[in-house]
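>>> with the sequence up front, the predicted model follows.
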Amino acid sequence: MTDIEEEVDFEVDPEDLGDAPVVQVDSERLSLLVNDLHVSYRVFGARKVGHGPSRDWGLMGRLVRRGAKQPPIREVRAVRGITFAAKHGEAIGIIGVNGSGKSTLLRAIAGLIPPASGTVHVAGNPALLGVNAVLMKNLSGARNIMIGALALGLSRTEVKQRFDDIVDFAEIGEFVNLPMKSYSSGMGARLRFAISASAVPDILMIDEALSTGDAGFRAKSKAKMDEIRESAGTVFLVSHSLATIQSMCTRVLWIHEGKLVMDGDPEEVCGGYKKFVAERKRYARSTK
Amino acid sequence: MTVDESGPLAPPTPPAPLERSFDDRSLGKAVADNELEQIGVRPRLGTYFKEMWRYRPLVQVMAVSRAESENQNTYLGQLWSLISPIVNASVYVLIFGFLLKIGREGIDNTIAFIVVGVFMFRFFERSVMAGAHSLQKNMNLVRSVQFPRAVLPTAGVLAELTVLGPALVVMCVISYLSGFLPVAERVTVDWNWLLLPLAVLLTWVFSTGCAFISARLVAMTPDIDNLLPHVMRILMYASGVIFSVDRFVSQFSWGWLLEYQPVAVYLYLVRSSILNETAYPPDGFMWLLGAIWAVLFIVLGFLFFWAGEERYGRD
């Protein structure tokens, strides 16, 4: 962490340097290497239709002009050059305002979105646990456990062995045989966490999934995360709750507009972030 | 108090971004030292195939779940997977077999001919559509876990195959019973019926190949999804599903194209197995052609799908 601060101080003027400064990889028990990662994705339906303030062109004008200004597909550059290395046993929190690219970064690390440029190297298999990822809402919890665990690479017998543990951990009881669409959001989140953690992945990524659990479940998931870290795994946690991040993480990354702006000790980074958010609020109030 | 309320004039800026990247030499060394693997890149074909083999329990579970959840929201449930094709076939029998003469020309037992055609083509059509929608339908899974994506179209087609099983029994029973009607020739049960599983197997392999192709096309260009039903409709009329096509195209020099295209070949194989149509005798050349089409499409389809592997689920 200290060398990173040196990096910041050392940098004279980022605009004058053509290329990003090159740093040595601290090569000791690494589990993840992200090098100059850029991620962009396509958005369909980005063409502006109807809403928002715009000049009134009249019917003919609208018909002719519609779509002429914006292409139907837009490229969104969500992550714009992020570099860091993670060690085994680290719990890394990722913070940043909405739309800063946190979730996209996680998905790229999990190998679910190909990078536009740059590389991601990992040890073992990463598993991503997203808050929206209701696996298959028409299927029962039992089926979802089967599918989720098999997709994570467990064998059929392993799934059978761990089935009861997963159900117990998720605390869904009788609901396991009902379709997942009948679950409350907390139950769904607990089941997803239980499935993802069942495979003891080398890298576990949690995308705001803990925010839906109650205090008891949060304690349980913290214990599970610690277990994964002890078995030499790395845990990533995206959350808007700074308290959660500070209580669970050993290191924090602050992402802003797709770039890494701070990387280091939870206290220090969260403090800086808190100050930034407070200032932003104050500014928003003053411009109102 | 009022002084405090007036905020700063400019929006606050976070610290300057950490503009840095690892140098190639130390990166390469670190990757080697820690036995890291690059992700987000397409696996090699051999590795991919091995992975796919390892994931076959997932294919099975997904296929069964899908088949089960298909008619979940209806009172009759799974019965619909039998009722729908029967109703579908009845409509065609009524229109093409009785109202229009076209369904009777050159055919001994119109009802059996159309029922077999509709049931088998329905399987093919639904397989291609299942492939086309397989990535989009399972986007949640694709976006949370890394596994060979070829599992999805394969499972989609396998789900259709499990539904086809009982439908085949119904198809055979209807075909046999229709022979007792005065308007139709008899359908006899003979040794050729044993070839039906083989014909279905070839159709299944071919359909899986097509599902791979439709899956990638629709994933890359969603617009194709809107064209697929029309392509299927054209294929249906060009393959002799409800009337004998070769009677109409034999006058053209390109008529053989329609006769030997894969869908027509598989319909021929199934019909020659269980029907007694004089125009559809068992034919070794057709069996060879059926095997060639199946291998060709499964290999090309798999390669085509694999070539887009790293891009699925991107948007």
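Great, that's in hand.
>>> and for B:A219, the neighbour number?
26 (other Cβ atoms under 10 Å in any protein chain shown). Glycine gets a C-beta too; all of them are placed from N, C-alpha and C.
>>> swap that for B:E277, please
Around B:E277 there are 20 other residues, counting by other Cβ under 10 Å.
>>> please, which helix or strand holds it?
B:E277 is part of no helix or strand when elements are defined by DSSP states H and E.
>>> you'd agree it is up against B:F113?
Yes - assessed by Cβ atoms under 8 Å, B:E277 is found in contact with B:F113 at 6.7 Å.
>>> what's the overlap in contacts for the two?
With contacts taken as Cβ atoms under 8 Å, 6 or more residues apart in numbering or on different chains, the residues that reach both B:E277 and B:F113 are B:I107, B:R271.
>>> can you pull out the strands in the stretch 151-288 of chain A?
Assigned by DSSP state E, counting those that start in this stretch, the stretch 151-288 of chain A shows strands spanning A:203-207, A:234-238, A:251-256, A:259-264.
>>> okay, the angle between the last one and strand A:251-256?
Right, the one you point to is strand A:259-264. Computed with axes from the mean of the first three to the mean of the last three Cα atoms, to 10 degrees, the direction of strand A:259-264 lies at 160 degrees from that of strand A:251-256.
>>> please see if strand A:259-264 touches chain B.
Yes - residues of strand A:259-264 contacting chain B under Cβ under 8 Å from any Cβ of the partner chain: A:K259, A:L260, A:V261, A:M262, A:D263.
>>> partner strands of that strand, with direction?
Using DSSP bridges, the strands paired with strand A:259-264 in its sheet are strand A:251-256 (antiparallel).
>>> what's the answer for the first one, then?
Strands flanking strand A:203-207 in the sheet, each with its direction: strand A:126-130 (parallel), strand A:234-238 (parallel) (DSSP bridges).
>>> and the helices in the chain?
Since you didn't name a chain, this refers to chain A. For chain A, the helices defined by DSSP state H cover A:2-10, A:58-65, A:102-109, A:141-151, A:156-170, A:185-198, A:215-230, A:242-248, A:266-287.
>>> chain B was what I was after
Along chain B, the stretches classed as helices by DSSP H are B:2-5, B:24-33, B:45-54, B:56-69, B:80-92, B:110-137, B:139-142, B:151-178, B:196-220, B:224-238, B:246-249, B:255-260, B:262-274, B:284-306.
>>> mind pulling up the pLDDT for the nearest residue to B:E105 once chain neighbours are set aside?
Of all residues beyond its chain neighbours, the one nearest B:E105 is B:R247 (5.8 Å), with distances taken as Cβ to Cβ, 6 or more residues apart in numbering or on different chains. Predicted confidence (pLDDT) for B:R247: 70.
>>> burial measure for the nearest residue to A:V39 once chain neighbours are set aside, as a count.
Nearest-residue entry for A:V39: A:V79, 4.0 Å, with adjacent residues in sequence omitted and distances by Cβ to Cβ, 6+ apart. For A:V79, the neighbour count with other Cβ under 10 Å is 27.
>>> ok, now how distant is A:V79 from chain B?
Per Cβ to the nearest Cβ, to the nearest Å, A:V79 is found 12 Å from chain B.
>>> let me know the pLDDT of that residue.
With respect to pLDDT, A:V79 scores 89.
>>> in contact with the residue nearest to A:R77 when sequence neighbours are not counted, which residues are there?
Excluding the flanking residues, the one nearest A:R77 by Cβ to Cβ, 6+ apart is A:S40, at 4.5 Å. Listed by Cβ under 8 Å, 6+ apart, the contact set of A:S40 reads A:E75, A:V76, A:R77, A:A78, A:V79, A:A116.
>>> 7 Å - rerun?
Under the criterion of Cβ atoms under 7 Å, 6 or more residues apart in numbering or on different chains, the contact list for A:S40 reads A:E75, A:V76, A:R77, A:A78, A:A116.
>>> quick check: of those, which lies closest to chain B?
Within the contacts of A:S40, the smallest distance to chain B is 9.3 Å, found for A:V76 (Cβ to the nearest Cβ).
>>> for that closest one, give me its contacts.
The neighbourhood of A:V76, defined by Cβ under 7 Å, 6+ apart, consists of A:S40, A:Y41, A:V43.
>>> how about the second one: which residues does it bridge to?
A:Y41 has these beta-bridge partners by DSSP bridges: A:V76.
>>> what about it, neighbour count?
Here the number of neighbours of A:Y41 (other Cβ under 10 Å) works out to 18.
>>> swap in the last one?
Taking other Cβ under 10 Å as the neighbour definition, A:V43 ends up with a count of 12.
>>> let me see the contact set for the residue nearest the centre of chain B.
Central residue check for chain B by Cα atoms, centre = their mean: the C-alpha nearest the mean position is that of B:S127, 2.4 Å away. Residues touching B:S127, when contacts are defined by Cβ under 7 Å, 6+ apart, comprise B:V157, B:E160, B:S207, B:C210, B:A211.
>>> what's the burial count for the residue nearest to it when sequence neighbours are not counted?
In space, not counting the residues next to it along the chain, B:S127 is nearest to B:S207; the distance is 3.8 Å by Cβ to Cβ, 6+ apart. Other residues within reach of B:S207, judged by other Cβ under 10 Å, total 31.
>>> check the contacts of A:V76 for the minimum pLDDT and say which it is.
Ranked by pLDDT, the contacts of A:V76 bottom out at A:V43, which scores 73.
>>> okay, now the closest residue to that residue other than its chain neighbours: neighbour count?
Spatial nearest neighbour of A:V43, excluding adjacent residues (Cβ to Cβ, 6+ apart): A:R74 at 5.1 Å. One way to gauge burial is a neighbour count; for A:R74, by other Cβ under 10 Å, it gives 14.
>>> quick one: least confident helix or strand in chain B?
helix B:2-5 (a mean of 46; mean pLDDT, DSSP states H and E).
>>> check the gap between B:R56 and chain A for me.
Taken as Cβ to the nearest Cβ, the spacing of B:R56 relative to chain A amounts to 10 Å.
>>> so where's chain A uncertain?
Low-confidence regions of chain A, defined by pLDDT under 70, span residues A:1-28, A:45-72, A:127, A:129-134, A:209-213, A:288.
>>> now it against chain B: closest residue?
The minimum distance from chain A to chain B, using Cβ to the nearest Cβ, falls at A:S286 (2.9 Å).
>>> residues near that residue, how many?
A:S286 has 12 neighbours, counted by other Cβ under 10 Å.
>>> which ones are touching residue 116?
This is for chain A. The neighbourhood of A:A116, defined by Cβ under 7 Å, 6+ apart, consists of A:H38, A:V39, A:S40.
>>> please go with chain B instead
The neighbourhood of B:V116, defined by Cβ under 7 Å, 6+ apart, consists of B:M171, B:S175, B:V270, B:R271, B:I274, B:L275.
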